[in-house]
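[1] Have a look at this prediction, sequence included:
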Amino acid sequence: MPRLKLVPASSRNKNSDSFYHRAYAAVRLRVLISLALAALVSLAVVTSAQQPAPARSNKLDQMVAMRDGVKLATTIYLPEGDGPWPVVLIRTPYGKSTQAIGNEKWTARGFALAVQDCRGTFQSEGEYKPFMTDPLDGFDTIEWAARQTWSNGKVGMFGASAMGITSNLAAMMEPPHLVATFVMVARSSIYSQSAFMGGVFRKELNEPWLKRQKAEWMIAETLKHNVYDGYYDIAELPKHWHKFQVPVYNYGGWYDIFAQGNIDNFAGLQAQGGGMAAGNQKLIMGPWGHGKVEEVTYPANSTVNATDEALRWFDYWLKGKDNGIMDEPPVRYYVMGDVADPKAPGNEWRTAISWPVPSKPTSYFLNAGGTLTEKLPEQTESKDTYKYDPKNPAPTVGGANLSIKKGPMDQRTVGDRKDILKYVTGVLASPVEITGRIKVELWAESDCPDTDWMAKLVDVYPDGTERLVLDSAFRARFREGFDREVFMTKGEVYKFTLDLWSTSLIFNKGHRIAIHVTSSNDPRYDPNPNTGKPGRADGETRVATNAIHHDRAHPSRVLLPVVPSYNGKRP
């Protein structure tokens, strides 16, 4: 990603603005003269058929000039009346007409809605470089909108996924007239959430999307920076949280491709944000994916109308309406539960004043015989071995995906593979709630210089159904940090930590908790060739003999954030 030179607004060329103002003034003068002459004529001539004045159009199409002269296609939808109004801006690479559906809901509420094609897409000029030009283009568009006669100078940004990302990138630039944003399902890190996960390329997320956006060249560019080298720093939001000056409502889903991004941005901005950002953040997390989840239907209470919630948010911040939204707890999250038992605990909303909520980190250790227990292993030596062939990777079944089936899908379809290890608890005598971030620590070895480790958290139902909760990946060469590559030595046992991100779920009584371990999950993650060479350097592959250790000296485990009960009631 080319480094972006941040140009202060004060250094922009204002000649074009002056020209347009002068031209507009001249045209306006001619129109006023014409109207005056028409009025004089109407006094002298009595007509029985007076023509009504043409109605003002509520839709405007404009080409908005950026600081480098490139013009971006923008459509503005205005409310009835004279204005001026607060502005809600959506910037999209998917075509502004797709984001303008339902514009009347915004205008009926008294907001001007501006929808813009990102640079190089659809009707906008310039070259399309996904998200690279959006920080400056977002800044310039916000400040342009604030200057318009139909605007009262207060601007908010709204959008999901790519549109949420463009909102964050604009807010990072501290535009003076941006007041608040409503960001749905968006990342906080390119490197650790979007491009890679545990150093493994997120193939399913990136390849189809970049091809669809006709930006396939970025695949090779991304792979060149699999070792963290600062290339992504311009958009690594944790490095810029202090620059955010506005309240942000983060809206995410437990099965979403960017689930941890919304959580991290909320917590980071709440504590580290500048100006009105600090202390004014909101977070909602529901049982949603980046699209419809498969095989499971959560109760009707799980749905939230995002636009209605955004309207409340902007009513408060852009209009000053005291509607109580800021009196509500900052965090609202859905605790998922057994979908087959309507009487099961969970499947309900909770609130919190901060994130994460109080919990007890509880170790469940991998043990011989495929067991998972809170008891520390007693064996002096114990391991499970399997072979991983990059030419025959384990297929993806559900999870936080974009282009393929997603959500808590049944893992039994891949359960009979010899390269998947399963560790499971006994039947739970009482419900177990986990709410928070989950990590898996594996003590492992390989006869190859590099390989991948995959772990899944699974909810095993009484009928044997294996519902996927979370999964993650880790590339062995990054065990000492993502900014360096340290390869393995055959016969050596190393510790690897996998970040499974966060969830909120109650494993019901009669269920079992499981951890599945393997070395591939394709196409969700790019299969490791096991050669130690850079990703996709050539077609060479090696079959790896991999082993997971679980003994006294090598206590492989999952760390679950268990929420305790208090007198039978949960917080």
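    Good, I have the coordinates.
[2] which residue ranges form the helices in the chain?
    With DSSP state H as the criterion, the chain has helices at 15-44, 96-99, 103-108, 134-147, 162-171, 203-212, 217-223, 259-272, 306-319.
[3] Buried deepest among those helices, which one?
    Between those, helix 162-171 has the highest mean count of neighbours, a mean of 26, where neighbours are mean count of other C-beta atoms under 10 Å. Heads up, the C-betas are built off the backbone N, CA and C, glycines and all.
[4] Hey, what's the angle from it to helix 203-212? Just curious.
    90 degrees (axes from the mean of the first three to the mean of the last three C-alpha atoms, to 10 degrees).
[5] what helices or strands is helix 162-171 leaning on?
    Applying 3 or more C-beta pairs under 8 Å, 6 or more residues apart in numbering; DSSP states H and E, one finds that helix 162-171 contacts strand 85-92, helix 134-147, strand 151-160, strand 178-184.
[6] Do me a favour and average the pLDDT over stretch 307-327.
    Mean pLDDT, stretch 307-327: 97.
[7] How about residues contacting that stretch?
    Residues outside stretch 307-327 that contact it (C-beta atoms under 8 Å, 6 or more residues apart in numbering): 86, 88, 102, 105-106, 109-111, 154-156, 158, 179-180, 182, 247, 249, 251, 280, 282, 284.
[8] repeat that with 7 Å
    By C-beta atoms under 7 Å, 6 or more residues apart in numbering, the residues outside stretch 307-327 that reach it are 86, 88, 102, 105, 109, 111, 154, 156, 158, 179-180, 182, 247, 249.
[9] quick one: which of those is nearest to Asp61?
    Distance to Asp61 across these (C-beta to C-beta) is lowest for Val88, with 17.3 Å.
[10] re the thing from before, out of the helices and strands packed on helix 162-171, which gets nearest to Thr222?
    Nearest to Thr222 among the helices and strands packed on helix 162-171 is helix 134-147; the distance by C-beta to C-beta comes to 16.9 Å.
[11] so the closest one versus strand 85-92, what angle?
    Calculated by the same axes, to 10 degrees, helix 134-147 forms an angle of 160 degrees with strand 85-92.
[12] And helix 134-147, what does it pack against?
    Helix 134-147 makes packing contacts with strand 85-92, strand 151-160, helix 162-171 when contacts are defined by 3 or more C-beta pairs under 7 Å, 6 or more residues apart in numbering; DSSP states H and E.
[13] In CSV: the ones you listed, plus mean pLDDT and distance to Trp241.
    Output for those, formatted as CSV (pLDDT from 0 to 100; distance: least, C-beta to C-beta, whole Å):
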stretch, mean pLDDT, distance to Trp241
strand 85-92, 98, 21
strand 151-160, 98, 17
helix 162-171, 98, 10
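[14] Columns distance to Thr425 on top of those, output as a markdown table?
    Formatted as a markdown table, the helices and strands packed on helix 134-147 follow (distance: least, C-beta to C-beta, whole Å):
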| stretch | distance to Thr425 |
| --- | --- |
| strand 85-92 | 45 |
| strand 151-160 | 37 |
| helix 162-171 | 37 |
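[15] residue ranges with poor pLDDT in this structure?
    Where the chain drops to pLDDT under 70, the residues are 1-57, 566-571.
[16] at 50 instead, please
    1-56, 566-568 (pLDDT under 50).
[17] what's the residue closest to the geometric middle of the chain?
    Ala186 (2.4 Å; C-alpha atoms, centre = their mean).
[18] Which residue, other than its chain neighbours, is closest to that one?
    Gly164 (3.3 Å; C-beta to C-beta, 6 or more residues apart in numbering).
[19] That neighbour contacts Met184, correct?
    Yes - between Gly164 and Met184 there is a contact at 5.1 Å, judged by C-beta atoms under 7 Å.
[20] my guess is Glu125 meets Gly69, correct?
    No - counting by C-beta under 7 Å, Glu125 stays clear of Gly69, with 8.8 Å between them.
[21] which of those two has more neighbours?
    Legend: neighbour count by other C-beta atoms under 10 Å for Glu125 and Gly69, higher for Glu125 (15 against 10).
[22] Quick check: the more buried one vs Ala145, distance?
    Relative to Ala145, Glu125 is positioned 18 Å away (C-beta to C-beta, to the nearest Å).
[23] So what's the gap between stretch 371-381 and the chain middle?
    37 Å (C-alpha atoms, centre = their mean, to the nearest Å).
[24] and the end-to-end length of it?
    Taking C-alpha to C-alpha, to the nearest Å, stretch 371-381 runs 16 Å from one end to the other.
[25] Report the buried residues of it.
    Buried residues in stretch 371-381, defined by neighbour count with 16 or more other C-beta atoms under 10 Å: 371-373, 377.
[26] same check, this time on stretch 283-295
    283-291, 293-294.
[27] Next: stretch 331-343.
    By neighbour count on 16+ other C-beta under 10 Å, the buried set for stretch 331-343 is 331-339, 341.
[28] Need the residues you listed in a markdown table (columns: distance to Thr489).
    Shown next, in a markdown table, are the buried residues of stretch 331-343 (distance: C-beta to C-beta, whole Å):
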| residue | distance to Thr489 |
| --- | --- |
| Val331 | 45 |
| Arg332 | 49 |
| Tyr333 | 44 |
| Tyr334 | 45 |
| Val335 | 44 |
| Met336 | 42 |
| Gly337 | 45 |
| Asp338 | 45 |
| Val339 | 46 |
| Asp341 | 49 |
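[29] Give me the distance between the nearest residue to Lys490 once chain neighbours are set aside and Phe478.
    Take Lys490 and drop its neighbours on the chain: the residue closest to it by C-beta to C-beta, 6+ apart is Asp447, 4.9 Å away. Distance, Asp447 to Phe478, using C-beta to C-beta: 19 Å.
[30] returning to that earlier point: just the buried residues of stretch 371-381: which are in strands?
    Filtering the buried residues of stretch 371-381 for membership in strands, criterion DSSP state E, returns 371-373.
[31] Tell me who's in contact with Pro287.
    253-254, 298, 302, 334, 336.
[32] mind running it again at 6 Å?
    Going by C-beta atoms under 6 Å, 6 or more residues apart in numbering, Pro287 touches 254, 298, 302, 334, 336.
[33] what residues are up against the nearest residue to the first one once chain neighbours are set aside?
    If I follow you right, that is Trp254. What sits nearest to Trp254 in space, not counting adjacent residues and going by C-beta to C-beta, 6+ apart, is Thr503, at 5.2 Å. Thr503 is in contact with 254, 469-470, counting by C-beta under 6 Å, 6+ apart.
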